[in-house]
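# Give me the fold of what follows.
(2 chains)
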Number of protein chains: 2
Amino acid sequence: MDGFLSQGEHVVGVDIGGTKLMAVVYDHKFKVKGRNKRKSKSSKGEPTEERLTRTIQEALDEAHVDTIRGIGVGSPGPLDPRTGVIIDTPNLAWKNFPLAQYLKKTFKVPVVVDNDVNVGTYGEYRFGEVSDCESVLGVFPGTGIGAGIIIDRKVFYGFSGAAGEIGHMTLEVDGPYCGCGKRGCLEGLASRVAIAANVAALAARGDAPFILATCGTDLSAIRSGALADAVKAGEKMVEGVIRKAAYYVGVATGNAINILSPEAVVLGGGLVESMPELYLEEVKRGIKEHAMPFLRKNVRIVTAKLGDDAVVLGAACMIAERLGEFE
Amino acid sequence: MDGFLSQGEHVVGVDIGGTKLMAVVYDHKFKVKGRNKRKSKSSKGEPTEERLTRTIQEALDEAHVDTIRGIGVGSPGPLDPRTGVIIDTPNLAWKNFPLAQYLKKTFKVPVVVDNDVNVGTYGEYRFGEVSDCESVLGVFPGTGIGAGIIIDRKVFYGFSGAAGEIGHMTLEVDGPYCGCGKRGCLEGLASRVAIAANVAALAARGDAPFILATCGTDLSAIRSGALADAVKAGEKMVEGVIRKAAYYVGVATGNAINILSPEAVVLGGGLVESMPELYLEEVKRGIKEHAMPFLRKNVRIVTAKLGDDAVVLGAACMIAERLGEFE
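Just a heads-up that it's a prediction; the model follows:
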C-alpha cells in the first residue's frame, strides 16, 4: 500500500462525523504522523468549517509537517463527490457548502470529499483483509445503514453519484415506517434506532431489566455498547431483537449480492464492532438464505478491521491515489 | 451502430429459447440479410445442437452468405459467458455443454455465448432508445424474471459472472414460495406463473369468466396474450392481479436503482409487450414509491422496442464488437 507518494510526502485524512471531527497526517507509507480530534459541535457557536481547519492544523503541528500533498475527507451525505459540495448535513448545519473548495483555498492543496460510507469501505478495502479482491460491498449498520461499492478496484458511484443506498431497500412492502417516509426499508427494520425502539418497548414492559437499569427507555441512550452489554448480561429478548435486525441486514446484503455479485462483503459500524460474532452469524444466515447459491459461492464475508480509522485511512488513500487528476 | 464490421462482412445472431431457435444473418450495418427459425425440440429426437447448426446454415443460405466473421448467441442460463459452456438448461437437455466450442468448430469462426437476458438488454441498449446512456438496467418479466446490467456501456457480470439476479430478490421475508426454494422472491410474487396461479384461482371460483372460457384453470394455458385479452374484456380482478405483480417488479427495480443507480431502465418480455401501458404505469409507481428521490431523478424508464429481435440483434452486436479479442 504505497507507491502513490514519494518519501517525505504527506497527506491528511479527515473524518467528519455527527459527533466528532478527526484529522490524521500520514506519511508516504500511510504511517500515522499526527492526529487530532474534537467534538463536531462548538459550545461557543464556532462554525464547523473553522473547527475543521483547526483540527487539521493541529494534526499537522503534532506531526511537525508543514507541507502536504492533499487532503481526503469522508463526510456524512448527501454530498456531491464530483464537486465536493455538502448538500445537506443537518447535524453540522451545512447546506450546499463547498467543502472541497473551502479546504483547497485554506490549505492550498488538492482535496477530495466523499461519502463517509464510500470512504470507510475504501479504507477497509485497501488496508483490510480483502484487498486482493476486485469488487467489494461494504455494509455499515448504525443509526443509518449505508453501503459502499467497489467495482474494478474503484469506488462505484453510478449515474446519480449515490449508488449503494442499501438502507432504503424495501424488504417488507407494508413494513414499519422508515425515516425516509417509506415503509419496510432495511433502516426501518434494522438500524440502531429500530433496534432501540424494540428494546425500549421490552424495557418499558419489564422484559429487559438490564437495559432499563442502564439506559432507561430513551432511544438515544440505547447505544451499541449498551446493547452488547445487555446480551452479555443474558437478556435473551434483547439478543433476539438484535439477531432479527442483523438477519434483515443479511437479507438485504443477499439481495445486493444477487444484483452486484461482489467478491467480498465487509461489515462495519458500531453494531458490528460491539457484537462481531453474533452479528456476523446472523448476516451470514441471511445471505445464505437469500442470495442464490451460484452468486454467494466463494464470496468472502468479513468484519471491518480498522475501527475508527477506516474513514481517515480511506480518505488519505483516496487523495493520494488521485493526485494525478489535479496536476 | 456500425464501424465494427467492414462492408461485405457479416455476423450471425442466435436466440436459443425454450420453445424456438432463431438465427439471423446481419450485414456490416446490422441489416437483416437472412433469418431462420424452428422449434427448439425435435419430435424425432434430433439433438438441439444439430438443430441449431441447421437453423444457422439455413439462415446463411437464405442470405446467400458463405463466409461470416462470427456468431453471437443468447441462451437461457445458467451458463458461463467466459467459456461459453451451458451449465444446465433443462428444457434443452444440455448439461455442461460447450456450446461456444461446438459452434466454433462447426462454423470455424469466433463465437460468444451469453445469458439471453444480458444479450436482450444489450440489444435494447444498442439499438433502442437509451443508447446514449452509460448505464442501463434491463428487466424482463416472464416465466422467470431476469435482469441485465450495463455499466460503462458494457455488460456487467460481477465476480460470479451472473450479476443481475433480480428475480430472486427477497421482497417479503415470509412471502409465497418461489421455484428456487426460497420465499418471497420477486419471481414468487410477480412472474407469469405467479400471476397465472392467482388468476386461475379467480377463474376456478367464478371471478374471471373470460379466463375460464379461454384458458381454463391450467396455469400453462394462462399466457401473457390471454391475460391482456382478459384485461381488455374488462376482468377487473385479473387486472388487479397483474397490476400488483407489475408493482412488485417496480419495487424490485426501485431497490436495484438504489443499489446500482443506473441512468435508464428498459422493461421487456412477454408481459410488458402485451400490456405495455398498464405494466409501465405500475412499475413506475413502484419505482417512485421505493427508489430514493435522488437516485431515481432523471432516470429514464422505457419499454423495450425490439420485441423478438432483441436477443439476435444483441448477440450479433456483441460478437461484432468483440472480434478483436479473437485475433
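# Taking helix B:236-260 as reference, get the angle to the longest helix along chain A.
The longest helix of chain A (DSSP state H) is helix A:236-260. With axes from the mean of the first three to the mean of the last three Cα atoms, to 10 degrees applied, the angle from helix A:236-260 to helix B:236-260 works out at 90 degrees.
# Helix A:236-260 close to chain B?
Yes: on the criterion Cβ under 8 Å from any Cβ of the partner chain, helix A:236-260 is in touch with chain B at A:248, A:251, A:254, A:255, A:256, A:258, A:259, A:260. Yep, even glycine has a C-beta here, placed from its N, CA and C like the rest.
# outside of the lowest-mean-pLDDT helix or strand in chain A, which residues touch it?
Every helix and strand in chain A was compared by mean pLDDT, DSSP states H and E; the lowest is strand A:85-89, with a mean of 87. Contact partners of strand A:85-89, identified using Cβ atoms under 8 Å, 6 or more residues apart in numbering or on different chains, comprise A:75-80, A:92, A:94-101, A:113.
# Which of the residues you listed fall within helices?
Counting by DSSP H, the contacts of strand A:85-89 contribute A:99, A:100, A:101 to helices.
# And the buried ones among those residues, selectable in ChimeraX?
A single ChimeraX command selects the buried members of the ones in helices among the contacts of strand A:85-89 (16 or more other Cβ atoms under 10 Å in any protein chain shown):
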select /A:99,100
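# Identify, from the ones in helices among the contacts of strand A:85-89, the entry nearest to residue A:157.
Nearest to residue A:157 out of those is residue A:100 (Cβ to Cβ; 15.3 Å).
# what does the model give that closest one for pLDDT?
Listed pLDDT for residue A:100 reads 97.
# And the one 4 residues further on, by the same measure?
pLDDT recorded at residue A:104 is 98.
# Leaving out sequence neighbours, find the closest residue to it.
Leaving aside its sequence neighbours, residue A:104 sits nearest to residue A:111 (Cβ to Cβ, 6 or more residues apart in numbering or on different chains; 4.8 Å).
# what does residue A:179 give?
Excluding its sequence neighbours, the residue lying closest to residue A:179 (Cβ to Cβ, 6+ apart) is residue A:187, at 6.6 Å.
# so where does that neighbour fall, helix or strand?
Assessed by DSSP states H and E, residue A:187 sits inside helix A:186-190.
# And the following helix or strand past that helix, how far out from the chain middle?
Downstream of helix A:186-190, the first helix or strand assigned by DSSP H and E is helix A:192-204. Relative to the chain's own centre, helix A:192-204 is displaced by 22 Å; criterion: Cα atoms, centre = their mean, to the nearest Å.
# Ok, stretch A:51-64 next?
23 Å.
# and what of stretch A:42-61?
22 Å.
# Which residues outside it are in contact with it?
With Cβ under 8 Å, 6+ apart as the test, stretch A:42-61 has contacts from A:12, A:14, A:16, A:21-25, A:34-38, A:40-41, A:66, A:68, A:71, A:92-94, A:97, A:99, A:102-103, A:106-107.
# export that stretch as CSV, just CAs?
C-alpha atoms of stretch A:42-61 as CSV (Å, rounded to 0.1, in the frame of the first residue of the first chain):
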residue,chain,number,x,y,z
SER,A,42,-18.9,24.0,19.3
SER,A,43,-20.4,25.2,22.5
LYS,A,44,-19.5,28.7,21.5
GLY,A,45,-21.1,28.6,18.1
GLU,A,46,-17.8,28.3,16.1
PRO,A,47,-18.7,27.3,12.5
THR,A,48,-17.9,23.7,11.7
GLU,A,49,-15.5,24.6,8.9
GLU,A,50,-13.4,26.7,11.2
ARG,A,51,-13.3,23.9,13.8
LEU,A,52,-12.3,21.6,10.9
THR,A,53,-9.4,23.9,9.9
ARG,A,54,-8.1,23.9,13.5
THR,A,55,-8.4,20.2,13.7
ILE,A,56,-6.3,19.7,10.6
GLN,A,57,-3.8,22.3,11.6
GLU,A,58,-3.3,20.8,15.0
ALA,A,59,-2.7,17.4,13.5
LEU,A,60,-0.1,18.9,11.2
ASP,A,61,1.5,20.7,14.1
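# tell me the mean pLDDT over it?
94.
# same deal with stretch A:213-226?
95.
# And stretch A:261-270, by the same measure?
Stretch A:261-270 comes out at a mean pLDDT of 96.
# ends of that stretch, how far apart?
Stretch A:261-270 has its terminal residues 26 Å apart, counting by Cα to Cα, to the nearest Å.
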